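Engineer: Pasted the sequence and its predicted model underneath.
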Amino acid sequence: MSHPRNDFSLSLYKTKVKDLNRNFNLMSPEDRHEYFEAKVGQEIKALKEFFNGNTFIAYWLGKKNSGKGTYSKLMMEIFGADKISHISVGDLVRRLSNDLDDPQKKDDLLKYFSEHYRGYISVEDSVKAFLNRDTASLLPNEFVLTLVKREIDSSPKKIIFLDGFPRTLDQISYALYFRNLIDYRQDPDIFIAIDIPENVLDERMKYRVVCPICQTPRNLKLLATPEIGYDEEKKEFYLKCDNPNCNQARMISKEGDNLGIEAIRDRLELDEILIKKVFSLHGIPKILLRNSIPVSEGQKLIDDYEITPAYSYRRLDDGKIETIEGSYVVKDDEGVDSFSLMAPAVVVSLIKQLYSVLIKK
Ligand SMILES: [Zn+2]
């Protein structure tokens, strides 16, 4: 089965606007606001009007660290957190562990399930199996669905970005009728897949660091802080946290991250199959987002400030450290040299495609 990226025209990812010569700093919320206005202002206006009386359900499909949470957050920034909710099945399952430890919360949960759960395995047995092993894979699909339904029932009707469902091939057919189950009968539902080179995922993981004090995540290669340190003993550069409360703490990597994505190879392959399978479905709209654009097309499609920067470092004679910023170029999954895009540039394409699916039709 060929990858759906081959069925989506590269022009869908064009963010260049004629006669717009201004540069935007995409890390700054104020600049970002003006950036979205300049690039997709008309589409945002039309969608905002549409969202006054309508909602929809989107199913995120994407590999680990592909940016699902980041894109949802940017959508909330643009359209309002009161309009959109991002529901992560992984978070719900983690919360389930805690709720089952609390007698009152456990009671509430079992009461909700006694009214809404339908499945072959009893709620009690599902809970028992889950508590013994504590992994989501032991929860029956019907149980996971009821958990999500409960979360949706607990807040006013909003646009939903669902992350982590479907997670397996047999969950795809549940997703097809999910909106009926949660009483969003007339709402459009959409699959949104993220196409991201494995090399990007690998380097996001390998160079990931976190502040030991405030836990802020950064990346030695892709998301640097202003102050850099050098470890004479290990002969390596490191980031210093720029949170004023952290006194320039040395940011550290997590055990195992240096192995990169090989540790999650099986999961990545399943996610790839899941995307291909979903894109072969009929009767449901699909959106494909690309994290990367071939370098050869870059000039035509995107602006320089939309390209993810890559950082390297050099020690100067006076002992100071110089940060060298360049464009991040990686081989995509087909071996083509590509630029990796900053998240807001990917969201521009999401907004354009949503506009086509929901309004222009
Ligand atoms: Zn910190």
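Structural biologist: Arrived safely.
Engineer: Which parts of this protein are strands?
Structural biologist: Under the criterion DSSP state E, strands of the chain are mapped to 57-61, 84-88, 159-163, 189-195, 208-210, 217-219, 228-231, 236-239, 286-290, 292-294, 309-315, 321-327, 329-331, 337-340.
Engineer: What parts of the stretch 201-350 of the chain come near the ion?
Structural biologist: By C-beta under 5 Å from the ion, the residues of the stretch 201-350 of the chain that approach the ion are C211, I213, C214, C241, N243, C246. C-betas here are computed from N, CA, C, even on glycine.
Engineer: Please check these and keep the buried ones.
Structural biologist: Buried members of those, counted by 16 or more other C-beta atoms under 10 Å: C211, C241, C246.
Engineer: Thought D242 was touching the first one, still the case?
Structural biologist: I take that to be C211. No. Between C211 and D242 there is no contact under C-beta atoms under 8 Å: 9.0 Å.
Engineer: May I see the strands of the chain organised as TSV, with mean pLDDT added?
Structural biologist: Conversion of those to TSV gives the following (pLDDT from 0 to 100):
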stretch	mean pLDDT
strand 57-61	96
strand 84-88	95
strand 159-163	95
strand 189-195	97
strand 208-210	97
strand 217-219	96
strand 228-231	96
strand 236-239	96
strand 286-290	97
strand 292-294	97
strand 309-315	96
strand 321-327	95
strand 329-331	97
strand 337-340	98
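Engineer: which ones among the buried ones among the residues of the stretch 201-350 of the chain next to the ion are found in helices?
Structural biologist: Among those, DSSP state H puts none in helices.
Engineer: what mean pLDDT does stretch 6-23 have?
Structural biologist: Across stretch 6-23, pLDDT averages out at 94.
Engineer: Same check on stretch 94-103?
Structural biologist: Mean pLDDT, stretch 94-103: 91.
Engineer: if I look at the residue nearest to K221 when sequence neighbours are not counted, how far off is D107?
Structural biologist: Excluding its sequence neighbours, the residue lying closest to K221 (C-beta to C-beta, 6 or more residues apart in numbering) is Y207, at 4.1 Å. Separation of Y207 from D107 (C-beta to C-beta, to the nearest Å): 46 Å.
Engineer: now R290
Structural biologist: Applying C-beta to C-beta, the value for R290 to D107 is 47 Å.
Engineer: In terms of packing, which of the two has more residues around it?
Structural biologist: For the pair R290 and D107, the greater number of neighbours falls to R290 (23 against 11), based on other C-beta atoms under 10 Å.
Engineer: which residues does the more buried one contact?
Structural biologist: Contacts for R290 (C-beta atoms under 8 Å, 6 or more residues apart in numbering) come out as R5, F8, Y13, D195, I196, L341, V346, S349.
Engineer: and if you look at G67?
Structural biologist: I194, I196, N291, A343, V346.
Engineer: one step back: which one (most neighbours) among the contacts of R290?
Structural biologist: Comparing the contacts of R290 on neighbour count, L341 comes out first with 29 neighbours (neighbours: other C-beta under 10 Å).
Engineer: So that residue sits against T308, correct?
Structural biologist: Yes. With contact defined as C-beta under 8 Å, L341 counts as touching T308 (6.5 Å).
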